[in-house]
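sequence plus predicted model, see below.
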Amino acid sequence: MSFKESIYIKNVGPIRELRIDDIRPLTVLIGPSATGKSTLMKVLALMRYIYKMENIRSYLRNSEIKRSPFRIEFKNLLKDGLETAISKNSEIVYTAYLGGKPYPISYKGGKLQNKFRIENEHLRFFKEAYVVEERGAMPVFLSGRSTGRNDLGFYFNETLADLQDALNVTPNLDLKHLGFRLTAKKAGNNRMRYLVSNSSENETPEIELKYASSGIQTSTPIVSLLQYFAQGFSFVGALRRSILSYLFDSGRLIDFQPTMELMELPRHVHLYIEEPELNLFPTAQCALLNFAVEEAFVNKKADRELSLMIATHSPYVANYINVLLRKSRLGETGLCEEDFDVYLLVDGEARRLMGEDQYTGEPVVDISPLTEAMKNISREYISLERRNE
């Protein structure tokens, strides 16, 4: 059954007004700093989380659990800047469409509207996974030098918790976008040492991840989390924590009359990545994006669907989508051409950069707005030359 989503946001932080009518499996957001890229992703993650909880609540109601088990307090869900970005003047409308039927969740005038019951055939189970730009600090936490919660924010701690789970499942990684590998070795006090070495035949000494190059430190969490959610993440455990533990703890297990099995629910992972290009040379940026697509859409387990939303400042990342579009036409990405989208965020709005090649008719990303900085450098260079004449 087809699953489609849309989002409308007005007066939220730097976002004046924007609408995405069809959120594609691979969506890239590009634009200057403070134009709303991360804000858009956080708002979407928030609304998708509420929709996830509505799916769980509907599943329980459809299974004879009459009393609503979850109370959603919108203001308590606002984290990492959304507390001040969202006000009574803000308007947010998220809509999921199943088989053409809309399930809207809206926030307007300071009130959340999310009252509906999802039909059994439309139920889904979701995992929202956010990968923050501050991930370069995580190797220190993995080394055991820093423990517990910190003041780096909700999304940092969520990313760190997911990363620790991911490395427990797959502690050794091939960082092929850089030509290195990560190896885990046991240390004292139930800790692990994460060591980086060259993956070529010319062996180099191993160094600890926390002392590796900044590009290795910022991209290792992305590689680990992509592999984890594509292959290692246990939906069984997540479903038990979300539903069965509630029924057991509340003494309602005897009332539970499921009309469908938990594991029959279609499963989705929404992965949000802030600035995958951090500290990477352009060729490595493209290689990492290529790896991300392979893991999320080719190598993933058949029991789940993944989507990627990426916020970036890099024109290389946006331009490489054109390569992935052509690879998709050759059947190499697990995606079709309609699964890609690129938006330029500027002046509080989102401008879609997808267009059509005038010679081949193929869908392409219009990168001309992204080359203005290079043109300005050329203009400045020429103007200085003329001053010398």
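Nice, thanks for sending it over.

please name the residues that touch R352.
Contacts of R352 were listed using Cβ atoms under 8 Å, 6 or more residues apart in numbering, and they are D341, V342, Y343. Placement of C-beta: from N, CA and C, glycine included.

swap the cut-off to 10 Å and go again
I20, D21, D341, V342, Y343, L344, V365, D366 (Cβ atoms under 10 Å, 6 or more residues apart in numbering).

among these, who's most crowded?
Highest neighbour count within these: V342, with 27 neighbours (other Cβ atoms under 10 Å).

contacting residues for that residue?
24, 26-30, 310, 312, 317-319, 321-322, 351-355, 364-367, 370.

residues near R386, how many?
Look at R386: counted by other Cβ under 10 Å, it has 7 neighbours.

sorry, that was for R379
10.

now swap in the one 3 residues further on and tell me
Number of residues near I382 (other Cβ under 10 Å) recorded here: 10.

adjust the sequence numbering to begin at 411 for everything that follows.
Sounds good: first residue 411 from here, last item I792.

now tell me which helix or strand of the chain has the poorest mean pLDDT.
For the chain, counting by mean pLDDT, DSSP states H and E, helix 655-659 ranks last in confidence among helices and strands (a mean of 69).

I'd like the next helix or strand past that one.
Where DSSP states H and E defines the elements, the next helix or strand beyond helix 655-659 is strand 677-684.

now do the following helix or strand past that following strand: distance to the chain's middle.
With elements assigned by DSSP H and E, the helix or strand that comes after strand 677-684 is helix 692-703. Taking Cα atoms, centre = their mean, to the nearest Å, one finds the center of helix 692-703 at 16 Å from the center of the full chain.

buried residues, helix 692-703. List them.
Burial within helix 692-703, assessed by neighbour count using 16 or more other Cβ atoms under 10 Å, is assigned to A694, Q695, C696, A697, L698, L699, N700, F701, A702, V703.

pLDDT value on M411, please?
We have a pLDDT of 64 for M411.

so where do the helices sit in the protein?
Ranges of helices in the chain, per DSSP state H, are 447-472, 492-495, 548-552, 564-579, 624-637, 645-649, 655-659, 692-703, 725-739, 782-797.

which positions in the last one come out as buried?
Burial within helix 782-797, assessed by neighbour count using 16+ other Cβ under 10 Å, is assigned to no residue.

what residues does it touch?
Contacts of helix 782-797 (Cβ under 10 Å, 6+ apart): P442, P725, S778.

and stretch 519-535, what's its mean pLDDT?
So the average pLDDT for stretch 519-535 ends up being 91.

straight-line length of it, end to end?
29 Å (Cα to Cα, to the nearest Å).

from E427, how far out is Q627?
37 Å (Cβ to Cβ, to the nearest Å).

comparing these two, which residue is more hemmed in?
Q627 (21 against 13).

low-confidence bits of the stretch 511-660 of the chain, can you list those?
Judged against pLDDT under 70, the low-scoring parts of the stretch 511-660 of the chain cover residues 555-560, 611-613, 658-660.

do the stretch 661-799 of the chain as well
Filtered on pLDDT under 70, the stretch 661-799 of the chain yields the residue ranges 661-665, 798-799.

again, 80 this time
Low-confidence segments of the stretch 661-799 of the chain, defined by pLDDT under 80: 661-673, 795-799.

so what's the residue nearest to the spatial centre of the chain up against?
Central residue of the chain (Cα atoms, centre = their mean): Y682, 1.4 Å from the mean position. Residues near Y682 by Cβ under 10 Å, 6+ apart: 437, 439, 448, 450-452, 454-455, 458, 538-542, 565, 569, 717-721.

just checking, L636 touches A706?
Yes: between L636 and A706 there is a contact under Cβ atoms under 10 Å: 6.4 Å.

need the residues touching each of the two.
Overlap of the contact sets of L636 and A706 (by Cβ under 10 Å, 6+ apart) consists of V679, L681, L716, L718.

doesn't L716 make contact with the first one?
The reference is to V679. Yes: V679 lies in contact with L716 (Cβ under 10 Å); the separation is 4.8 Å.

need the overlap of contacts for these two.
K537, A539, L636, F639, A640, A706, K710.
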